[in-house]
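A.B. asks: here is a sequence with its predicted model. Questions after.
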Amino acid sequence: MPLSFANAFAGRSVLVTGHTGFKGSWLCLWLDRLGAQVTGYALDPPTEPSNFVASRVGEVLAADVRADLRDRQTLAATIAAARPELILHLAAQSVVRQGYADPVGTFDVNVMGTVAVLDAVRQLHQPCAIVVVTSDKAYENDGSGRPLTEADRFGGSDPYSASKGAAEIVTTAYRRSFFPPADLARHGVALASARAGNVVGGGDWTADGIVADMIRALNAGQPVPVRNPAAVRPWEHVLEPLAGYLTLAAALLGPNAAAAARGWNFGPADSDAATVQQVVEEFLRAWGGGSWAMVGRPDDPPEAALLRLSIEQTSKDLGWAPRWGFAETIRRTSAWYRRYFMDPADARQACLDDLAAYEA
């Protein structure tokens, strides 16, 4: 089945914030493949190595702006110069444990950074579609393990989760106050938000990320450190939520944009939710060896034990559904790193091959 957004972005100006990050780098490669003119706005790559550098993503950009979201003057000037028809706002502090280490910075970037993007658009007075990417952790998780829906409350009991819930509240406030869907013909700004599950895939070296932890340990010949083996998460390949964001973006650029201007979940099938231990053991099987060891301590920062995401609304109203199941996700992630370690110069082609397989 062809992707609904396959012809939606050719020749369009698109601004991606957070383009130097893991998801942002994959997104820029995909948008270039779809014919978009991409401007990136972010700090330098947050990890070393990084997929942005390894896959030479800078080569496909129309402009590569390195600046902080909170530098409102530079951000506004970048948006004005790019005149984007679409903004995909991914830039954020994205690590739960880093939120405990730097709560002020986490709230500042994730909340006020989102305010800065939306207010720059408000002051520009130019038609635009905007997708604000938050997180499944934006919801007030009651711990029951039931799949969270778009009707659930935002919240969060740790700084990262709370900052993402607050970013959702900011987005809702701007939509209701300045960009109401009922008046879209007047103001021209179609604003939506998107929440994904736990994303894995090639090129992820995120600190405290399970894939990055596995790769570092395996390369060092050490057991993979696992803090919370029984924790359940909605795992998905990086291309799944990106396909969701692009499906949503295409809808916001289309004739029924007002109906799409709301919040959406992009997660795996509920049957593909799995424990951290299952992820690690599946990855080790795909890798061909290795072991893991429990390293959690009683004084570790608390994290939710159960997290599932409902995609019923997204499937029904957007026609989006995940394409790769749990085993395929882990297999492709492992295969990407195998290719990278055999020849780091092959990183971009490994991404493009995964993109071609997903599209097919």
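C.D. replies: Happy to help now that I have it.
A.B. asks: so for D299, what's the pLDDT?
C.D. replies: Listed pLDDT for D299 reads 69.
A.B. asks: same question for V115.
C.D. replies: 98.
A.B. asks: I'd say it and T171 touch.
C.D. replies: No - assessed by C-beta atoms under 8 Å, V115 is found out of contact with T171, at 9.6 Å. C-beta: built from backbone N, CA, C; applies to glycine.
A.B. asks: and for stretch 316-328, what's in contact with it?
C.D. replies: 4, 235-237, 239-240, 243-244, 247-248, 251, 259-260, 264, 266-269, 272, 274, 278, 282, 311, 314-315, 332, 358 (C-beta atoms under 8 Å, 6 or more residues apart in numbering).
A.B. asks: just the buried ones from the residues you listed?
C.D. replies: For these, a burial check counting by 16 or more other C-beta atoms under 10 Å picks out 4, 235-237, 239-240, 243-244, 247-248, 251, 260, 264, 266-268, 272, 274, 278, 282, 311, 314, 332, 358.
A.B. asks: still on that earlier bit, which one of V115 and T171 is surrounded by more residues?
C.D. replies: T171 (25 against 18; other C-beta atoms under 10 Å).
A.B. asks: lowest mean pLDDT among the helices and strands of this structure, which one is it?
C.D. replies: Least confident helix or strand of the chain, by mean pLDDT, DSSP states H and E, is strand 232-233 with a mean of 88.
A.B. asks: against which helices or strands is it packed?
C.D. replies: strand 274-275 (3 or more C-beta pairs under 8 Å, 6 or more residues apart in numbering; DSSP states H and E).
A.B. asks: helix or strand right after the strand it packs on?
C.D. replies: helix 276-287 (DSSP states H and E).
A.B. asks: give the partner strands of the helix or strand following that following helix in its sheet and their orientations.
C.D. replies: Remark: after helix 276-287, the chain's next helix or strand is strand 292-294, criterion DSSP H and E. For strand 292-294, the paired strands and their directions (DSSP bridges) read strand 224-226 (parallel).
A.B. asks: for the record, mean pLDDT for the strand it pairs with?
C.D. replies: For strand 224-226, mean pLDDT rounds to 93.
A.B. asks: list the buried residues of stretch 308-324.
C.D. replies: For stretch 308-324, burial by neighbour count (16+ other C-beta under 10 Å) applies to 308-311, 314, 318, 320-324.
A.B. asks: what do you get for stretch 49-68?
C.D. replies: Residues of stretch 49-68 classed as buried: 50-55, 57, 60-61, 64-65, 68 (neighbour count, 16+ other C-beta under 10 Å).
A.B. asks: other SSEs contacting the longest strand along the chain?
C.D. replies: In the chain, taking DSSP state E as the definition, the longest strand is strand 189-196. Packing partners of strand 189-196 (3+ C-beta pairs under 8 Å, 6+ apart): helix 113-124, strand 128-133, helix 159-177, helix 239-252, helix 257-260, strand 263-266.
A.B. asks: how about a cut-off of 7 Å?
C.D. replies: Using 3 or more C-beta pairs under 7 Å, 6 or more residues apart in numbering; DSSP states H and E, the elements in contact with strand 189-196 are strand 128-133, helix 159-177, helix 239-252, helix 257-260, strand 263-266.
A.B. asks: that one: how far from the chain's middle?
C.D. replies: 12 Å (C-alpha atoms, centre = their mean, to the nearest Å).
A.B. asks: tell me the angle of it relative to strand 128-133?
C.D. replies: 20 degrees (axes from the mean of the first three to the mean of the last three C-alpha atoms, to 10 degrees).
A.B. asks: okay, now the sheet partners of strand 189-196, with direction.
C.D. replies: Under the rule (DSSP bridges), strand 189-196 has strand 128-133 (parallel), strand 263-266 (parallel) as partners.
A.B. asks: got the contact list for W205?
C.D. replies: In this structure, W205 makes contact with 47, 49-50, 212, judged by C-beta atoms under 7 Å, 6 or more residues apart in numbering.
A.B. asks: and the residues you listed, which two are the farthest apart?
C.D. replies: S50 and A212 (10.9 Å; C-beta to C-beta).
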